[in-house]
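[1] test case, fold it:
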Amino acid sequence: MNKPMIADTNILIRLFVKDDDAQIGALVQLIEQGDTAFYILSLVLIEAYWVLRRVYKFEKEVILQVFDDFIESDGVELEEDSLIQRVLVRFREVNADFVDVYLAEKARSLELPILTWNAKDFKKLNCEFYRPQDILT
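    Numbers count the residues shown, from 1 in each chain. This is a model prediction of the structure:
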């Protein structure tokens, strides 16, 4: 039986970048043993995207393909599976930050508006949002 463990962002980065042979070897061995399942928090996936894009300079589509492959792997469970699946689909369609797409989808699921200064991107995401000056009386 797989014991779920919350994976830190650095675990995902090592798996995706493969830049440390010793750490990759340990992760491969752990995966092959089959005793551990990766439980991935949405926050960790968002941070992993940011690190891969900004630090490692991966292209958006490359990161999304890596995420798709990883998410479909045995022993991987997402904190918000259906929400993240919607985020990934929408993120492919629109030119906005990954975290903004997540916020728009999360706001939709909670039936709450977003408070932001970033009207430009949230307009693209077709969600309810307000700038502080829009609601000041």
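[2] any buried residues in stretch 41-53, and which?
    Residues of stretch 41-53 classed as buried by neighbour count (16 or more other CB atoms under 10 Å): Ser42, Val44, Leu45, Ile46, Glu47, Ala48, Tyr49, Val51, Leu52, Arg53. Heads up, the C-betas are built off the backbone N, CA and C, glycines and all.
[3] mind putting the residues you listed into a markdown table with distance to Ile71, secondary structure and pLDDT?
    Formatted as a markdown table, those follow (distance: CB to CB, whole Å; DSSP: H, G, I helix; E, B strand; the rest coil; pLDDT from 0 to 100):
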| residue | distance to Ile71 | secondary structure | pLDDT |
| --- | --- | --- | --- |
| Ser42 | 12 | helix | 97 |
| Val44 | 12 | helix | 98 |
| Leu45 | 9 | helix | 97 |
| Ile46 | 14 | helix | 97 |
| Glu47 | 16 | helix | 98 |
| Ala48 | 12 | helix | 98 |
| Tyr49 | 13 | helix | 98 |
| Val51 | 17 | helix | 98 |
| Leu52 | 15 | helix | 98 |
| Arg53 | 17 | helix | 97 |
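[4] now these in TSV, with distance to Arg86?
    Below are the buried residues of stretch 41-53 laid out as TSV (distance: CB to CB, whole Å):
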residue	distance to Arg86
Ser42	12
Val44	18
Leu45	13
Ile46	14
Glu47	19
Ala48	18
Tyr49	15
Val51	22
Leu52	21
Arg53	20
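[5] which one of these is nearest Leu112?
    Leu112 has its nearest neighbour among the buried residues of stretch 41-53 in Ser42, at 16.1 Å by CB to CB.
[6] now that closest one: how far from Tyr49?
    Distance, Ser42 to Tyr49, using CB to CB, to the nearest Å: 11 Å.
[7] what's around Asp81, how many residues?
    13 (other CB atoms under 10 Å).
[8] nearest residue to Leu45 other than its sequence neighbours?
    If the residues on either side of it in the chain are set aside, Leu45 comes closest to Ile84, at 6.5 Å by CB to CB, 6 or more residues apart in numbering.
[9] I'm done for today, thanks for sticking with me.
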